[in-house]
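[1] Let me see the structure of the following:
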Amino acid sequence: MRVSAVSYLNTWPLVWGFLHGPLQGRFDFRFDLPARCAEALARDEAQIGLVPCAEIERLGLDFLPDVGIACEGAVRSILLFSKVPFREIRTFAVDSSSRTSVALSRILLRERYGVTPELRTQEPDVAAMLESSDAALVIGDPALRLEPEQLGWNWLDLGTEWTAWSGLPMVFAAWAGRSSALGIPGVREAFVESWHWGRDRMDEISALGEVDRGFPAPVGKAYLTESIQFELGPRHLEGLKLFRQLVRDLDSGKAGVVR
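    Have a look, this model is predicted:
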């Protein structure tokens, strides 16, 4: 079975057992940007994927409720920068590699700051993005390489913003696929087992992340153990339910459209 996983550092603990542990060879893995994971399932290039939560309903997928990528409070890897006060944002450059992050930023700008800016897709270079737009969204590993406090712009951590507004955790991605794939005996248990293998090897993962991604091992470990939550519980699923409803509102035309 083919599995499409996200190429960012925050995915490593979930797939460690498949890549380096007792589950090696269980699935055929490919690594993509988050939006490409959804595309791979839509095109039947993969049967299971770590899919941005904004895509799950659009594609008519089921998901495994045990593990995913989530936060409750600051996430550190989804950052919104603005050169104007947030309530004055009119144009917004976004890194569109994850539809969930784009949708989350649109929801929070609308609900917390009362703005629905025009969105423009650009590569994740915050300085270049802000040359032509009021605000910019940077996510994933590129965001982790930034020190937002030192850049001189207004900025928001969207994990912090979501939890402050909703009172709930935010789930960014989950293992998703057709029920015919997820329901195969042993599949659900395999993804939980792979996470448990990674959970117990965070020092190893962080050390290799320093070599492979350039993040100092203490930074990577703090991110993976303090910012990101991998085990999903009832409150995570409640937050996901709310987010999916808000995404439906966006898709009904109540906010700007990505150009």
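
[2] Going by C-alpha atoms from here, please, whenever you check contacts or count neighbours.
    Fine.

[3] Wait, a strand at residue 66?
    Yes - assignment of residue 66 by DSSP: H, G, I helix; E, B strand; the rest coil places it within a strand.

[4] how close does it get to residue 189?
    Going from residue 66 to residue 189 by C-alpha to C-alpha, to the nearest Å gives 9 Å.

[5] neighbour-wise, which of the two wins?
    In this view residue 66 and residue 189 are compared by other C-alpha atoms under 10 Å, and residue 66 has more residues nearby, 19 against 11.

[6] Where does pLDDT dip in the chain?
    Using pLDDT under 70 as the threshold, the predicted model of the chain has low-confidence ranges 253-259.

[7] According to the record, where do the domains of it fall?
    Each domain of the chain is listed here as a residue range: 2-71+169-241, 78-167+249-254, per automatic domain parsing.

[8] Quote the end-to-end distance of stretch 79-90.
    In stretch 79-90, first residue to last residue: 17 Å (C-alpha to C-alpha).

[9] go on, stretch 139-155?
    Distance between the boundary residues of stretch 139-155 (C-alpha to C-alpha) amounts to 13 Å.

[10] Pull the distance from that stretch to the chain's centre.
    16 Å (C-alpha atoms, centre = their mean, to the nearest Å).

[11] residues in contact with that stretch?
    With contacts defined as C-alpha atoms under 8 Å, 6 or more residues apart in numbering, stretch 139-155 is touched by 8-9, 76-85, 95, 101, 124, 215.

[12] In contact with the residue most central in space within the chain, which residues?
    In the chain, the residue lying closest to the centroid (C-alpha atoms, centre = their mean) is residue 172, at 4.1 Å. Neighbouring residues of residue 172 by C-alpha under 8 Å, 6+ apart: 52, 53, 68, 69, 70, 100, 101.

[13] So the fourth one, which state does it fall into?
    Going back to what we said before, that points to residue 69. Going by three-state DSSP, the secondary structure assigned to residue 69 is strand.

[14] still on that earlier bit, relative to residue 250, which of the contacts of stretch 139-155 is nearest.
    residue 101 (13.1 Å; C-alpha to C-alpha).

[15] what about the residue nearest to the centre of the chain, which SS state?
    strand.

[16] what about it, distance to residue 197?
    Distance of residue 172 to residue 197, computed by C-alpha to C-alpha: 21 Å.

[17] show me where this protein has strands.
    Read by DSSP state E, the chain holds these strands, from start to end of the chain: 2-6, 28-32, 48-52, 62-71, 78-82, 91-94, 118-121, 135-139, 154-157, 170-177, 229-231.

[18] Which of those sits closest to residue 202?
    Smallest distance to residue 202 across the strands of the chain (C-alpha to C-alpha): 12.5 Å, for strand 229-231.

[19] Pick the most deeply packed of the strands of the chain.
    By mean neighbour count, with neighbours taken as mean count of other C-alpha atoms under 10 Å, strand 48-52 ranks first of these at a mean of 29.

[20] Within its sheet, name the partner strands of it and how each one runs.
    strand 2-6 (parallel), strand 170-177 (antiparallel) (DSSP bridges).

[21] so can I have TSV of the ones you listed showing distance to residue 117?
    As requested, the strands paired with strand 48-52 are arranged in TSV below (distance: least, C-alpha to C-alpha, whole Å):
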stretch	distance to residue 117
strand 2-6	28
strand 170-177	22
